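> The following block contains a protein sequence and its predicted model.
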Amino acid sequence: MLPIDIRPDKLAQEMLDYSRKLGQGMENLLNAEAIDTGVSPKQPVHSEDKLVLYRYDTPEGVTPGAVPLLIVYALVNRPYMTDIQEDRSTIKGLLATGQDVYLIDWGYPDQADRALTLDDYINGYIDRCVDFLCESHGVEKVNILGICQGGAFSLMYASLHPDKVNNLVTMVTPVDFKTPDNLLSAWVRNMDVDLAVDTMGNIPGELLNWTFLSLKPFSLTGQKYVNMVDLLDDPDKVKNFLRMEKWIFDSPDQAGETFRQFIKDFYQNNGFINGGVKLGGREVDLKHVTCPVLNIFALQDHLVPPDASKALKGLVGSKDYTELAFPGGHIGIYVSGKAQKEVTPAIGKWLNERS
């Protein structure tokens, strides 16, 4: 074993460097401007209750395709993760491939929304956004990109409204909620969701956020702040770090009845696998998803393990099913440099070939 090299002069230099970084970092933190939530220009084109539908501006020199792309994000976090910074933006990458990008911003539910159900979200809000796009563009079908829980919503929608979906892309989307490596599912499986909803009404976003952080407590609540010191002396890196922190802790509350139904139907009863999910009097059956499907999953995803997503193969009725495995995690699939080079261009290419 080699001896540990701890010379007084080396230790003193490391302490000086550390102090310098902390001092510069404090100055950069104090001088940091207000943290934006999304960097690509967009316009509100439709609204209903808390929901706002945005259309992103087409870049100069790009001609958008005839079929619009609707992004359906999860309820539990804010959708600006898809547009977090200039050089790490899924939205920007999709626009560059010629997609006419729209995104549903669910807003922040309050107690007036506690009675909203999955049917209200799927057959109500999403369906009316699709109808708005079809009327605006003079088309009968749209492309949909569903992300995480939004992917599960998109699968339900494509099952119930196959005549309105041209192509479906699912990203880090849970399908089999009871794979052996799904720690979140194991925690929630025996939860008394009725007691939680009946007691609190809406489920606090902060409660859910700390649940997610607890899945990887060392890296998500400790180590990242130790590592932060190494970037504090770079103002741009500080701003990017603060953007991510803002997103992580910007967690809307969940409408109580929707939370109750989603936990019971999927985490506890594994509804895509076992059936029994009914919305608006009709049962969700993935065999009714007949449009082309691109299913993208992350190989190091701790929230939606790869096997939970890969279960989609064989369940849908589509004859055009494609998988794309990304060597990263649940967040890296949107924000890593590798994802910008591989995932977003692949989505654009796949859609353009079918639209």
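Noted; the coordinates are in hand. Please read these numbers as outputs of a predicted model, since none were measured by experiment.

> Strands of the stretch 51-200 of the chain, start to end?
Remark: strands assigned in the stretch 51-200 of the chain by DSSP state E, counting those that start in this stretch are 51-56, 69-72, 83-85, 88-89, 101-105, 142-147, 165-171.

> Pipe those strands into CSV and attach mean neighbour count and distance to Leu118 per row.
Heads up, the C-betas are built off the backbone N, CA and C, glycines and all. Converted to CSV, those look like this (neighbours: other C-beta atoms under 10 Å; distance: least, C-beta to C-beta, whole Å):
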stretch, mean neighbour count, distance to Leu118
strand 51-56, 20, 15
strand 69-72, 26, 13
strand 83-85, 22, 26
strand 88-89, 22, 30
strand 101-105, 24, 15
strand 142-147, 27, 14
strand 165-171, 25, 17
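
> Take those strands and lay them out in a markdown table including mean pLDDT and distance to Thr344.
What follows is those, written out as a markdown table (pLDDT from 0 to 100; distance: least, C-beta to C-beta, whole Å):
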| stretch | mean pLDDT | distance to Thr344 |
| --- | --- | --- |
| strand 51-56 | 98 | 13 |
| strand 69-72 | 98 | 12 |
| strand 83-85 | 87 | 12 |
| strand 88-89 | 90 | 9 |
| strand 101-105 | 98 | 11 |
| strand 142-147 | 98 | 10 |
| strand 165-171 | 98 | 10 |
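
> Okay, now the unreliable bits of the chain?
Under the criterion pLDDT under 70, the flagged ranges of the chain are 1-37, 210-238.

> what about Asp307, which helix or strand?
When secondary structure is defined by DSSP states H and E, Asp307 falls within helix 306-310.

> Please disregard the earlier target; I meant Lys349.
Lys349 belongs to helix 337-354 when assigned by DSSP H and E.

> For that helix, what is the distance to the chain centroid?
Helix 337-354 sits 17 Å away from the centroid of its parent chain (C-alpha atoms, centre = their mean, to the nearest Å).

> now stretch 119-133
On C-alpha atoms, centre = their mean, the centre of stretch 119-133 falls 19 Å from the chain's centre.

> buried sites along it?
Residues 119-127, 129-130, 132-133 are the ones in stretch 119-133 that count as buried (16 or more other C-beta atoms under 10 Å).

> CA-only coordinates of that stretch, as CSV, when you get a sec.
Written as CSV, here are the backbone C-alpha positions of stretch 119-133 (Å, rounded to 0.1, in the frame of the first residue of the first chain):
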residue,chain,number,x,y,z
ASP,A,119,-60.7,11.2,-16.5
ASP,A,120,-60.6,15.0,-16.2
TYR,A,121,-56.9,15.1,-17.1
ILE,A,122,-57.0,12.5,-20.0
ASN,A,123,-60.5,12.8,-21.5
GLY,A,124,-60.8,16.5,-20.5
TYR,A,125,-57.7,18.6,-20.5
ILE,A,126,-55.5,16.6,-22.9
ASP,A,127,-58.3,15.9,-25.3
ARG,A,128,-59.3,19.5,-25.5
CYS,A,129,-55.7,20.5,-26.2
VAL,A,130,-55.5,18.0,-29.0
ASP,A,131,-58.8,19.3,-30.4
PHE,A,132,-57.4,22.8,-30.3
LEU,A,133,-54.2,21.7,-32.2
